[in-house]
Structures are given as C-alpha cells and as structure tokens.
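>>> what's the 3D shape of this:
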Amino acid sequence: MNRRRIEHRHVVNRRDGRTNPSRIANRNRLRENQNHRAKWIRGRSRLGTGRQRRSNDRGSATIWAAGVIAALLVIAAAVLEVGAATDTRHRADSAADLAALAAAEYAPDGEPSACGRARWVAAGMNARLDSCRLAGWDALVVVDAQPPGLLIGLPPVTAHARAGPAGEPT
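Next up, the predicted model:
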C-alpha cells in the first residue's frame, strides 16, 4: 500500500503538476502483467517446456568436432605411413628380383658386367644395390630401398634375390 502512494506522488501530469490517476493505473497494470508473465515463463522452464535456460556448455560441440577431426587426421596419416612402408617393401622386393634377372642375363660376360647391369636396374627402381655376386650361372643380389616421407629416419628395407638358369648348363 505504501508503494502505491509513492507511485501516486511520482506520476504527475506535466501541464498542471497534478497527479493523473489513469496513468498510475495503467502503469500498475503493466507492472503486474510483466511480473505475472515472468513468473509464468520461469514456471514453464522448470517443467521442461517453453524456454529453456542456457547452460555453460555453449560451443562444446565445436571443441568435440575439432578433436574428432584431429583424431581422424592422425589416423589417416598413420594409415598413409603404413601404406608407404608396405610400398617400400614391395619396391625393394621387385628391385631385387629384376636386378638378379639382369645380372643372370649378363653372367656370361663376367661378374663386373653382370653387377653393373644389376646396379643400373636397381637405380631405375629407386633402390641401391648392396651386394652382387655370381655363383656359377646364378646371380645373388641384395638391394636396399629407403622409405619415403616421415619414415625416412627408419633403416632401409633390404631384399634378397637369386636368379639363374632352371636346368644345368650344357
């Protein structure tokens, strides 16, 4: 009740300085309506319908998505490196086989010629001929291949091969 009296005194008509009862009534109704509406909204948010209060987790989905993307990139990089290691292994095996065949082809010309041809074939396959020798008509070669990319710090992949005639020479 005291509150209404104070409101009564502060709401005055600008022209003659007297209070205007209709303006006071309108203002009181507006305040009551706003209070009622605020209580109604608060009551609904507690029940789980209507407006919901915001939590402190705003933006956490972005952080989770960034973490998942980073994890997927790390997994993809690991898969690519394993693929590069496998490719290096296959390249070393192929280079050793082809170098041994080339050395066996040039075996009649002597070991220096046969091993020179094996070195040339291995270099063409991006590998290094580690050793080459002839045992009769058979060529025995050892080839090293360096892995690419991040695996370059690892030791090279080594492959052994033997090639020669299938039967006894006549």
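>>> element containing Thr158, please.
In this structure, Thr158 sits in strand 157-163 according to DSSP states H and E.
>>> where along the chain do the strands fall?
Remark: strands of the chain, listed N- to C-terminal, are 128-135, 138-145, 157-163; assignment by DSSP state E.
>>> Out of those strands, which one sits most buried?
strand 138-145 (a mean of 23; mean count of other CB atoms under 10 Å). Yep, even glycine has a C-beta here, placed from its N, CA and C like the rest.
>>> Could you measure from the closest residue to Trp120 other than its chain neighbours over to Thr86?
Distance criterion CB to CB, 6 or more residues apart in numbering; nearest residue to Trp120, sequence neighbours excluded, is Ala102 at 7.5 Å. The gap separating Ala102 from Thr86 is 25 Å, by CB to CB, to the nearest Å.
>>> next one: Ala76
Relative to Thr86, Ala76 is positioned 16 Å away (criterion: CB to CB).
>>> if we can go back for a sec, neighbour count: Ala102 and Thr86, which is higher?
Neighbours were tallied for Ala102 and for Thr86 using other CB atoms under 10 Å; the higher tally belongs to Ala102 (24 against 12).
>>> May I ask you to name the longest helix in this protein?
Counting by DSSP state H, the longest helix found in the chain is helix 60-105.
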